[in-house]
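Visitor: Need a 3D model of the following:
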Amino acid sequence: MTDYSQLRSNIIEWSESLGFNHTGFTNTDLGQHETRFLNWLDAGHHGEMDYMQRHADLRLKPSTLHEGTISIISVRMNYLPEKHAEPWSVINNGQLAYISRYALGRDYHKLMRKRLQQLAVKIQQQVGEFGYRAFVDSAPVLEKGTAEKAGLGWIGKHSNLLSRDAGSWFFLGELYTDLPLADESRPTPENHCGNCTACIDICPTKAIVEPYVVDARRCISYLTIELRTSIPVELRPLLGNRIYGCDDCQLVCPWNKFLQHTAEKDFSPRDNLDSPELVALFSWTEKEFLTRTEGSAIRRIGHECWLRNIAVAMGNAPADEKITSALQAQLEHPSEMVREHVEWALEQQTGADV
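Guide: Just a heads-up that it's a prediction; the model follows:
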């Protein structure tokens with residue numbers, strides 16, 4: 001007979017050896033998180049992310065996504081490198097581009113999924129063959145709700161998971177299993193946001209429409225990463241120089257004074273992406289974009305959206321001849337979407353219709 005209490009202890013130890021910074025266990029009943037998610041969908045806050053609605057049942061019923069699942073191992077991995085350009089110094093410099101700190105280094109999806117597979121092998125060596133499947137933001141998984149239930153922290157008013165010991169600068173991953181690992185005796189994590197509204201107040205586009213509710217249609221991360229069409233004109237000035245994601249709500253969160261920097265060298269900044277110049281990034285050809293973003297999460301948006309995002313940031317930058325010249329060089333770009341954003345940016349730079 002397997003001693004599952006001991007197995008949980010072993011899994012925590014193995015997880016730590018694989019670079020995970022916190023590990024918890026939960027059953028598959030997502031309770032209040034299911035209601036919150038369905039209300040979010042009903043309000044249309046998912047925008048053009050149709051897959052959220054299409055795969056809602058899989059997200060809410062883990063055993064439907066992976067047959068036989070009765071418990072979930074939830075893990076987190078810190079990602080903020082100790083050495084990187086100070087975020088506000090980049091955000092407040094109109095000549096530079098701001099890239100969300102999670103995307104500065106190697107794509108976390110493959111790295112963490114590989115580690116979860118290694119964790120599964122260790123479990124298998126102790127208990128024999130068992131059913132499992134690893135996920136890292138790669139399938140319909142309600143990862144933050146799962147992590148909260150597993151005791152990794154609580155969901156903050158900005159909708160990110162928060163930990164008293166590590167703030168919010170971390171990735172989440174899951175191992176769905178058919179093993180009875182859920183620790184039913186563990187109490188639900190307490191919410192420690194209190195009366196704080198720092199994240200709500202700082203959001204450039206006011207995307208946090210109420211505590212714990214983010215309207216993706218206004219969120220800069222959605223607009224620069226998930227959206228594949230034109231960025232709404234009225235929101236463009238609010239993006240500033242944020243060309244890939246946004247960290248403002250994390251930067252002001254008081255709990256991030258307890259952040260833990262990552263020990264993963266693969267998450268260190270590549271290609272000076274922690275403080276790059278807008279003009280330099282805008283000059284990348286598609287081939288250069290694909291080469292420089294190889295193994296990076298940034299690559300998924302494609303060159304067209306990359307240029308779209310940078311054009312908006314250039315339009316928001318202080319008037320500058322180098323920026324104007326770079327924009328003018330792309331007026332004949334084959335993409336209608338890119339051309340439209342370039343024309344808008346030139347109007348902002350020159351004050352004249354293009």
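Visitor: Spell out the residue ranges of the helices in the stretch 251-354 of the chain.
Guide: 278-282, 286-292, 302-316, 321-328, 336-350 (DSSP state H, counting those that start in this stretch).
Visitor: Out of these, which gets nearest to Glu264?
Guide: In terms of CB to CB, the element of the helices of the stretch 251-354 of the chain nearest to Glu264 is helix 286-292, at 20.3 Å. For every residue, glycine as well, the C-beta is placed using N, CA and C.
Visitor: that older thread, pick the most buried one from the helices of the stretch 251-354 of the chain.
Guide: Among the helices of the stretch 251-354 of the chain, helix 302-316 has the highest mean neighbour count (mean count of other CB atoms under 10 Å), at a mean of 24.
Visitor: what helices or strands is that helix leaning on?
Guide: Helices and strands touching helix 302-316, by 3 or more CB pairs under 8 Å, 6 or more residues apart in numbering; DSSP states H and E, are strand 242-244, helix 278-282, helix 286-292, helix 321-328, helix 336-350.
Visitor: Could you pull up the mean pLDDT of the third one?
Guide: Over the span of helix 286-292, the pLDDT mean works out to 97.
Visitor: Taking the centroid of this protein, which residue is nearest it?
Guide: Tyr102 (6.9 Å; CA atoms, centre = their mean).
Visitor: about what we covered before: would you list the helices and strands packed on helix 302-316 in a markdown table and tack on distance to Lys110?
Guide: Below are the helices and strands packed on helix 302-316 laid out as a markdown table (distance: least, CB to CB, whole Å):
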| stretch | distance to Lys110 |
| --- | --- |
| strand 242-244 | 18 |
| helix 278-282 | 24 |
| helix 286-292 | 17 |
| helix 321-328 | 33 |
| helix 336-350 | 29 |
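Visitor: Give the burial count for the closest residue to Arg217 other than its chain neighbours, as a bare number.
Guide: If the residues on either side of it in the chain are set aside, Arg217 comes closest to Gly47, at 4.3 Å by CB to CB, 6 or more residues apart in numbering. Using other CB atoms under 10 Å, Gly47 has 16 neighbouring residues.
Visitor: returning to what we had before: which of the helices of the stretch 251-354 of the chain sits closest to Val209?
Guide: Comparing those by CB to CB, helix 302-316 comes nearest, at 22.3 Å.
Visitor: Helix 321-328 and that closest one, what's the angle between them?
Guide: 140 degrees (axes from the mean of the first three to the mean of the last three CA atoms, to 10 degrees).
Visitor: chain center to helix 302-316, what's the gap?
Guide: 19 Å (CA atoms, centre = their mean, to the nearest Å).
Visitor: Taking helix 336-350 as reference, get the angle to that helix.
Guide: 20 degrees.
Visitor: For Lys114, see how far away Thr23 is.
Guide: 16 Å (CB to CB, to the nearest Å).
Visitor: Which one's more surrounded, the two?
Guide: With neighbours defined as other CB under 10 Å, Thr23 and Lys114 compare such that Thr23 has more, 23 against 13.
Visitor: and the more buried one, how far is that from Asp183?
Guide: 11 Å.
Visitor: Then Pro334?
Guide: Counting by CB to CB, the gap from Pro334 to Asp183 is 56 Å.
Visitor: For those two, indicate the residue with more neighbours.
Guide: Taking neighbours as other CB under 10 Å, Pro334 and Asp183 compare with Asp183 leading, 15 against 7.
Visitor: what sits against the more buried one?
Guide: Counting by CB atoms under 8 Å, 6 or more residues apart in numbering, Asp183 touches Arg8, Gly24, Phe25, Thr26, Gly151.
Visitor: Narrow those to those in helices?
Guide: Arg8 (DSSP state H).
Visitor: need the contacts of Asp183 in a markdown table with pLDDT, distance to Ser230 and neighbour count, can you?
Guide: Below are these laid out as a markdown table (pLDDT from 0 to 100; distance: CB to CB, whole Å; neighbours: other CB atoms under 10 Å):
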| residue | pLDDT | distance to Ser230 | neighbour count |
| --- | --- | --- | --- |
| Arg8 | 97 | 49 | 19 |
| Gly24 | 96 | 41 | 26 |
| Phe25 | 96 | 44 | 25 |
| Thr26 | 95 | 40 | 25 |
| Gly151 | 94 | 42 | 19 |
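Visitor: can you put the contacts of Asp183 in a markdown table and add distance to Glu277?
Guide: Below are the contacts of Asp183 laid out as a markdown table (distance: CB to CB, whole Å):
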| residue | distance to Glu277 |
| --- | --- |
| Arg8 | 49 |
| Gly24 | 42 |
| Phe25 | 46 |
| Thr26 | 45 |
| Gly151 | 43 |
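Visitor: can you give me the strands in the stretch 151-300 of the chain?
Guide: Ranges of strands in the stretch 151-300 of the chain, per DSSP state E, counting those that start in this stretch, are 154-155, 161-162, 170-177, 208-210, 213-214, 242-244.
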